[in-house]
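> Predicted coordinates and the sequence they were generated for:
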Amino acid sequence: MEISLTVNGTEHTTDVPDNSLLVEIIRERLNLTGTHVGCDTSQCGACTIHMDGRSVKSCTVLAGQADGADITTIEGIGTVDALHPMQEAFRENHALQCGFCTPGMIMSAIDLVENGKPLDERSVREGLEGNLCRCTGYHNIVKAVLDAQDKM
Amino acid sequence: MTSETGIGAAVKRKEDARFITGAGHYTDDINQPGQLYAVFVRSMYPRAEIRSIDVSSALAMEGVVAAYTGADLAADEIGDLPCGWMVKSKDGSDMIQPPHPPVAVSVVNYVGEPYAMVVAETLQAARDGAEAVTADFNELPVVVDLASAHGADQIHEAAPGNQCYDWELGDREATDAAFASADHVTSLDIVNNRLIPNAMEPRAAVGMYEAATGNYTLYTTSQNPHLERLILAAFVNVAAESKLRVVSPDVGGGFGSKIFVYAEETAVIWAAGKLARAIKWRADRSESFLADAHGRDHLTKAELALKADGTFVGLRVKTVANMGAYLSLFASSVPTYLYGTLLAGQYRTPAIYVEVQSVFTNTAPVDAYRGAGRPEATYVVERLVETAARELGKDPADIRRLNFIQPEDFPYETPVALTYDTGDYDASLKKAIELIGYDGFAERKASSEANGKKRGIGFSCYIEACGLAPSQVALSLGAGVGLFESAEVRVDVTGSVSVMTGCHSHGQGHETTFAQIVSDKLGIPFENVDVVHGDTGRSDYGLGTYGSRSLVVGGSAIVKATDKVIAKSRKIAAHMLESTEENVDFEEGTFSVTDSNQSITFPEVAFSAYVPGNYPLDELEPGLSEKAFYDPENFTYPAGAHICEVEVDPETGKVEIVNFVAVDDFGEIINPMIVAGQVHGGLAQGIGQALLEHAIYDESGQLVTGSYMDYTMPRADDMPNFVVDTTVTPCTHNPLGAKGCGEAGAIGSTAAVMNALTDALGVVDVPMPATPETVWRAMEGE
Amino acid sequence: MYRFNYHKPDDMDAAQQMMADAEDGVYLSGGMTLIPTLKARLASPTDVIDLSGLALSGIELADDSLTIGALTLHSEVAAGNEISSLSNLALAIGDAQVRNRGTIGGSIANSDPGADYPAAVVALGATINTTAGAIDADDFFQGLFETALKPGAIVTSVTFPLPVRAAYEKFPNPASRYAVVGVMVAETNGGVRVGVTGAGPCAYRQRNFEQALADNFSVAALDGLEVDYAEFNSDIHASAEYRGHLVGVMARRAVAQIT
Ligand SMILES: Cc1cc2nc3c(=O)[nH]c(=O)nc-3n(C[C@H](O)[C@H](O)[C@H](O)COP(=O)(O)OP(=O)(O)OC[C@H]3O[C@@H](n4cnc5c(N)ncnc54)[C@H](O)[C@@H]3O)c2cc1C
Ligand code: FES
Ligand code: FES
């Protein structure tokens, strides 16, 4: 099956098996390994990317469903020299330890800030329900998101 | 410069740049040209004899390259997965270590145990192939229940009564005598619930073999690559250590579960050699649930004997510990040397006696999980102390103060084999009491009650022993490896520095902390120091990262190596400045001659070491690179006070943590930001154990909590905002004065939560995890 | 995942024809239930027919009802509409990423015992519009993952009569966050209705609560009422008895919201 999709601003056309997942295309075809896989039941959120501007779990999207979509991954939101305010806030607030959940967490957090109501501590915690982190106890992640909200 | 990035500064982490931009390199991100994919075929039975395995249909499938069983590994003399700590029973006999082939040969003993491996050109083909493997099993009686495992059907021929060992520590007679003379005895039956570590990155391995050289390279998710290599070489027999390179690239959390050498990477590296092709394996999360080593799982009867005034006179503890189906790498040491030895807690209890019986069951192996033994010990002691206070009508803070080991008592020898070097337990408790506003609790309780909620407060004053040491003591007690750490400080020609460590960071931030130490000591910019870890090809031997040892042992080795660099540099500088060593001062990166204005910078010295024009070649070798091995003389003893306040919804039983304060004494702190982060993460795991997490096997031996649909992971909205603070009594026996902070959160918090909950409900005990239904039933008086 | 053929028809007829032609076909909407099932190899359809190309999305207000297209996302319903209890319910489904993909049609067609929407469908007396005709809420949910949907038929939309007042209360499963028990209490033009999800094999009406509330719409009216939990679900997170207890608690809290 041939699909076309725009990833981080670049259009790609690729031939993939019908049963491939978006995350496989991102990681294996496009070699964008910042998007992680942490579970097989669509719960952990490590694979979160933006599809047409909204956060989705790329492990739970079929290639065909992503045909024609505009995808943004962690690699597409900022660079080391020009970080996205959310990336910056994660670093400033020590909102990551092992870094494995971080790309998904940042992608969810950006959607939460951009597409939702103004956030307080409680609503950040609820808004990140779909992202598991085993390292940070979430404390600094919540701080980072509130901090980034002011700068976005 | 040093003030902003040196020791004690909350420096932002070096490693973050790659993690926040998606440029981290985890094992699953590594791909080799022409690599194959491995999938393991796992037992659906908790216990069965393998009559036969048929891989022929798998082999016939398109894309399948090979299918191996345990017999194939055995034919190549691949050895068993060993246990690295020999514990002896009361009668002096050795513990029982049943055979543990990486891939099952004749029996399977837990659901998820691998009995075949399929290797194929694509992951899809490997999965299809794995499904096509058929086997004929003869199901055997299953042992699941921990309480009745001793004496149930015998799992291993070598282990009568399913007993691994029956161990003791302390003075039984003195303890019995103390109980006989006591005014009051508090006793509790305690269940320490079984947990699944769940680092967010699933385990993975990429194995490679180069036929022309005979060299193997294994990329894997290990907390201790050198140990992995040692075991694969010396015990498992894959190849000589010199032919084997093990690399742990970025690793997405460990919490103990990635210390151990597992079946999968063993089979992958062996098969890579057999096929002379790269092979990749990554666990599905469901495999992690089944086949990562689990944690905790104790049944305990604990009794505390007191005088009427609340003075502790004796402690008696009897524990049954679950080892699971086989002995994982450090399984035997967790409920013994990391548990029994900690039962003195922060108190002057004069007589302590503990017995631990470890047994086998048809469940996944159980081994170290964040805290490893120390959370279980703290839970026993702190639940007992709080309960005793209630029974005697004492304030929980007062009864602790009455029994604390006092600052002037150090060094303090406990009745359970440890010598605490230093501490000030009341200082932490006092600060925690202030931070939580203990005075205002009654008022807060009243206002909760007015809102129809129950409120409770609970304390936990824990102690832990970190940086497992010294080697000779541990070796005499049965450890199979040394407990030192290595470091190399390699100064480049231009004065930048690479620091090689045998520790491994999988979230702890060593690249930052270790760089702070070296840049501070050498007076060079923080940016100019790079920390290299996780590669047996790049650093000398090392023991990896576990037990909060990295800073206290690895960091101390780095200090030692850095001191050697400074010593040599001083000699060079003296030569260059035409002075003598004694007359050369070194401060903030500059060597200067005492009482003169002559000076020279560290980079200038480094340059001269490699371009030795003006250099004392007759006395000194050129170059500036120093190694050190550091073997600690004692454990370190972080300690602290955690106080928790909960609110309970009496209609549903839902518990909310409304206040949590942790005040910890980690000795000297290199980076307070990182330390606080470590505490937060540990607290979430400790609170998770108390309220959410539970690995459950049903009676038939199936894992019920095999995915995030059923195993409750702490999420952001389950956690409160934490208040964390520190007090400092420097460790007396390492050069940094540091004690280690990696596990404290998980060690202290669980008891604080459960003490708060039982206080709110006015009951003696609630089983963990205190799920809404469990709490609801406790309120109904069940 | 096993191998399958993926199709993306652009009209309803083509979709149904593909289903008829497939050896073992399955419709796909948001995929938030189907894809995890496929990944776990718990289903092995030959053909997956993606409905996302059909024009079945959107929320339409009529005089006395709200019609929600089958492909409307949970996040779209959660964003707000004339039935605030329904928005609140949608906001309580899963997590943000799930709400950005999952659809009302998929949720209702799937009839997971822990799904939230079915409580609203039952409590508001909705009509499920399908390519094989309209089905009344009271007839739709028939058992564990079982509905009155005809084989091969597609849910096209759901029509919710506007209630006089309604509220939803959910007690989530601590691990999965699906409903252990979810209760919607609604005063509709056809009387008081109480829809319960999570507790039993599928959503149902708690008739004794309805009667009590019809006489006296107050929290007190529910005091002491029995919930027969004999047939309720029971798992490690909640026994049948506890679920029975929660039905009462959640119903009282829903009533409290709107009185
Ligand atoms: C992590 C996670 C958490 C979740 N939590 C919750 C929760 O708290 N509450 C809750 O209610 N749900 C929850 N869900 C489920 C979610 O709401 C699903 O979106 C929903 O149940 C199915 O909708 P879908 O559009 O994704 O359907 P799909 O997964 O695409 O399909 C589901 C089933 O319905 C059939 N189907 C789909 N659309 C139609 C149609 N129009 N006509 C006929 N048949 C159709 C499919 O063939 C399939 O059998 C959760 C899911 C996940 C992954
Ligand atoms: S990988 Fe866990 S939700 Fe996608
Ligand atoms: S930083 Fe390790 S899982 Fe979040």
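Happy to help now that I have it. Numbering: from 1, shown residues only, chains lettered A, B, ... in the order given. Ligands and ions are numbered 1, 2, ... in the order given.
> so how many other residues sit close to C:Arg205?
When neighbours are defined as other C-beta atoms under 10 Å in any protein chain shown, C:Arg205 has 17 of them. All C-beta atoms are positioned from the backbone trio N, CA, C, and that covers glycine.
> I'd say it and C:Arg193 touch.
Yes: the pair C:Arg205 / C:Arg193 is scored as a contact, 6.2 Å apart, by C-beta atoms under 8 Å.
> anything in contact with each of these two?
Counting by C-beta atoms under 8 Å, 6 or more residues apart in numbering or on different chains, the residues touching both C:Arg205 and C:Arg193 are C:122-123.
> near ligand 3, which residues of chain B show up?
Chain B has residues B:200, B:252-253, B:507 near ligand 3, with proximity defined as C-beta under 6 Å from any ligand atom.
> can you rerun that using 8 Å?
B:19, B:199-201, B:252-253, B:507, B:681 (C-beta under 8 Å from any ligand atom).
> Repeat that for chain A.
Taking C-beta under 8 Å from any ligand atom as the contact definition, chain A meets ligand 3 at A:96-102, A:105, A:132-136, A:141.
> now those residues as a markdown table including pLDDT and distance to ligand 1?
Compiled in a markdown table, those are given as follows (pLDDT from 0 to 100; distance: C-beta to the nearest ligand atom, whole Å):
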| residue | pLDDT | distance to ligand 1 |
| --- | --- | --- |
| A:Leu96 | 98 | 23 |
| A:Gln97 | 97 | 24 |
| A:Cys98 | 97 | 22 |
| A:Gly99 | 98 | 23 |
| A:Phe100 | 98 | 18 |
| A:Cys101 | 98 | 15 |
| A:Thr102 | 98 | 20 |
| A:Met105 | 98 | 16 |
| A:Leu132 | 98 | 11 |
| A:Cys133 | 98 | 16 |
| A:Arg134 | 98 | 17 |
| A:Cys135 | 97 | 21 |
| A:Thr136 | 98 | 21 |
| A:Ile141 | 98 | 19 |
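> Among those, which are located in strands?
Members of the residues of chain A next to ligand 3 lying in strands (criterion: DSSP state E): none.
> quick check, nearest of those to B:Ile231?
Ranked by distance to B:Ile231 (C-beta to C-beta), these are led by A:Cys98 at 23.5 Å.
> burial measure for the closest one, as a count.
29.
> now swap in B:Lys560 and tell me
Neighbour count of B:Lys560, defined by other C-beta under 10 Å: 20.
> Please state the offset of stretch C:61-70 from the chain centre?
With C-alpha atoms, centre = their mean, to the nearest Å as the basis, stretch C:61-70 stands 16 Å off its chain's centre.
> quick one: is that stretch near ligand 1?
Yes: against ligand 1, stretch C:61-70 shows contacts by C-beta under 8 Å from any ligand atom at C:Ala70.
> gap between the two ends of that stretch?
End-to-end distance of stretch C:61-70 (C-alpha to C-alpha, to the nearest Å): 15 Å.
> is it true that B:Pro102 touches B:Ile269?
No: using C-beta under 8 Å, B:Pro102 is not in contact with B:Ile269, being 10.4 Å away.
> When these two are compared, which one has more neighbours?
B:Ile269 (29 against 23).
> is it true that that one lies in a strand?
No: secondary structure of B:Ile269 (DSSP: H, G, I helix; E, B strand; the rest coil): helix, not part of a strand.
> ok, it touching B:Val238?
Yes: using C-beta under 8 Å, B:Ile269 is in contact with B:Val238, at 5.6 Å.
> shared neighbours of the two, anything?
Counting by C-beta under 8 Å, 6+ apart, the residues touching both B:Ile269 and B:Val238 are B:216, B:232, B:244.
> Quick check: the second one vs B:Gly207, distance?
For B:Leu232, the distance to B:Gly207 under the criterion C-beta to C-beta, to the nearest Å works out to 10 Å.
> what's the longest strand seen in chain B packed up against?
Using DSSP E, we find that the single longest strand of chain B is strand B:312-324. Applying 3 or more C-beta pairs under 8 Å, 6 or more residues apart in numbering or on different chains; DSSP states H and E, we find strand B:312-324 packed against helix B:146-149, helix B:172-181, strand B:298-306, strand B:351-360, helix B:374-392.
> Tabulate the ones you listed (JSON lines), appending mean neighbour count.
What follows is these, written out as JSON lines (neighbours: other C-beta atoms under 10 Å in any protein chain shown):
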{"stretch": "helix B:146-149", "mean neighbour count": "17"}
{"stretch": "helix B:172-181", "mean neighbour count": "16"}
{"stretch": "strand B:298-306", "mean neighbour count": "22"}
{"stretch": "strand B:351-360", "mean neighbour count": "25"}
{"stretch": "helix B:374-392", "mean neighbour count": "25"}
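> Of the ones you listed, give the one that comes closest to chain C.
Relative to chain C, the nearest member of the helices and strands packed on strand B:312-324 by C-beta to the nearest C-beta is helix B:146-149, separated by 17.1 Å.
> relative orientation of the following helix or strand past the closest one and strand B:312-324 in degrees?
Counting by DSSP states H and E, the element after helix B:146-149 in chain order, helix or strand, is strand B:163-170. Interaxial angle, strand B:163-170 versus strand B:312-324 (axes from the mean of the first three to the mean of the last three C-alpha atoms, to 10 degrees): 160 degrees.
> residues in contact with strand B:163-170?
The contact list for strand B:163-170 (C-beta under 8 Å, 6+ apart) reads B:87-91, B:93, B:95-97, B:150, B:323, B:327, B:332, B:336, B:340-341, B:343, B:351-360, B:415-417.
> can you tell if stretch C:63-79 touches chain A?
Yes: judged by C-beta under 8 Å from any C-beta of the partner chain, stretch C:63-79 comes into contact with chain A through C:Ser75.
> Compute the first-to-last residue distance for that stretch.
One end of stretch C:63-79 sits 21 Å from the other (C-alpha to C-alpha).
> Counting neighbours, which bits of it end up buried?
By 16 or more other C-beta atoms under 10 Å in any protein chain shown, the buried positions in stretch C:63-79 come out as C:65-78.
> Tell me which two in those are the farthest apart.
Using C-beta to C-beta, the buried residues of stretch C:63-79 span at most 21.9 Å, a distance reached by C:Ser65 and C:Ser75.
> Identify the residues contacting the closest residue to A:Gly116 other than its chain neighbours.
Spatial nearest neighbour of A:Gly116, chain neighbours left out: A:Gly127 (6.6 Å); criterion: C-beta to C-beta, 6 or more residues apart in numbering or on different chains. Taking C-beta under 8 Å, 6+ apart, we find A:Gly127 in contact with A:108-109, A:112, A:116, A:119, A:145, C:96.
> Buried ones among these?
If you count burial by 16+ other C-beta under 10 Å, the buried members of the contacts of A:Gly127 come out as A:108-109, A:112, A:119, A:145, C:96.
> What strands line up against the longest strand of chain B, and which way round?
Looking at strand B:312-324 with DSSP bridges, its partner strands are strand B:298-306 (antiparallel), strand B:351-360 (parallel).
> in that strand, what counts as buried?
For strand B:312-324, burial by neighbour count (16+ other C-beta under 10 Å) applies to B:312-317, B:319-324.
> want to throw those residues into CSV with pLDDT?
CSV is the format used below for these (pLDDT from 0 to 100):
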residue, pLDDT
B:Phe312, 98
B:Val313, 98
B:Gly314, 98
B:Leu315, 98
B:Arg316, 98
B:Val317, 98
B:Thr319, 98
B:Val320, 98
B:Ala321, 98
B:Asn322, 98
B:Met323, 98
B:Gly324, 98
